[in-house]
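> Structure, please.
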Amino acid sequence: ETIVTPIKSNELSGPAIRPAYSVLSSRKFMEQTGRAMPFWQIALQDYLDKVSYLKLQGGIEGGPK
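So this is what the prediction gives:
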């Protein structure tokens, strides 16, 4: 059994110096696709809807056949 003990980021001894605040940029996605990235809540709901649809169609293992 593995025991996981939580620690704070500043207690890590990693080789990289991490910024105090960083944000994932969607600039490259917008440049490549010409579209804005959807809010994560909308993207998650779209994914869940697609998975549910595929299960109903028997296209995902575990769904009705």
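> pLDDT averaged over the helix ranked longest in the chain, what's the number?
Across the chain, the helix with the greatest residue count (assigned by DSSP state H) is helix 40-56. Throughout helix 40-56, pLDDT has a mean value of 89.
> Dump it to PDB, restricted to CA.
The C-alpha trace of helix 40-56 is given here as PDB (Å, rounded to 0.1, in the frame of the first residue of the first chain):
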ATOM      1  CA  TRP A  40     -13.900  24.100 -20.100                       C
ATOM      2  CA  GLN A  41     -17.400  23.600 -18.700                       C
ATOM      3  CA  ILE A  42     -18.900  23.600 -22.200                       C
ATOM      4  CA  ALA A  43     -16.100  21.400 -23.600                       C
ATOM      5  CA  LEU A  44     -16.700  18.900 -20.800                       C
ATOM      6  CA  GLN A  45     -20.400  18.800 -21.300                       C
ATOM      7  CA  ASP A  46     -19.900  18.300 -25.100                       C
ATOM      8  CA  TYR A  47     -17.600  15.400 -24.400                       C
ATOM      9  CA  LEU A  48     -19.900  13.800 -21.900                       C
ATOM     10  CA  ASP A  49     -22.800  14.100 -24.400                       C
ATOM     11  CA  LYS A  50     -20.800  12.500 -27.100                       C
ATOM     12  CA  VAL A  51     -19.700   9.600 -24.900                       C
ATOM     13  CA  SER A  52     -23.300   9.000 -23.800                       C
ATOM     14  CA  TYR A  53     -24.500   9.100 -27.400                       C
ATOM     15  CA  LEU A  54     -21.800   6.600 -28.500                       C
ATOM     16  CA  LYS A  55     -22.700   4.300 -25.700                       C
ATOM     17  CA  LEU A  56     -26.300   4.300 -26.700                       C
END
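> Which residue ranges of this structure form helices?
Counting by DSSP H, the helices of the chain are 27-33, 40-56.
> Please identify the most buried of the ones you listed.
helix 40-56 (a mean of 11; mean count of other CB atoms under 10 Å). Heads up, the C-betas are built off the backbone N, CA and C, glycines and all.
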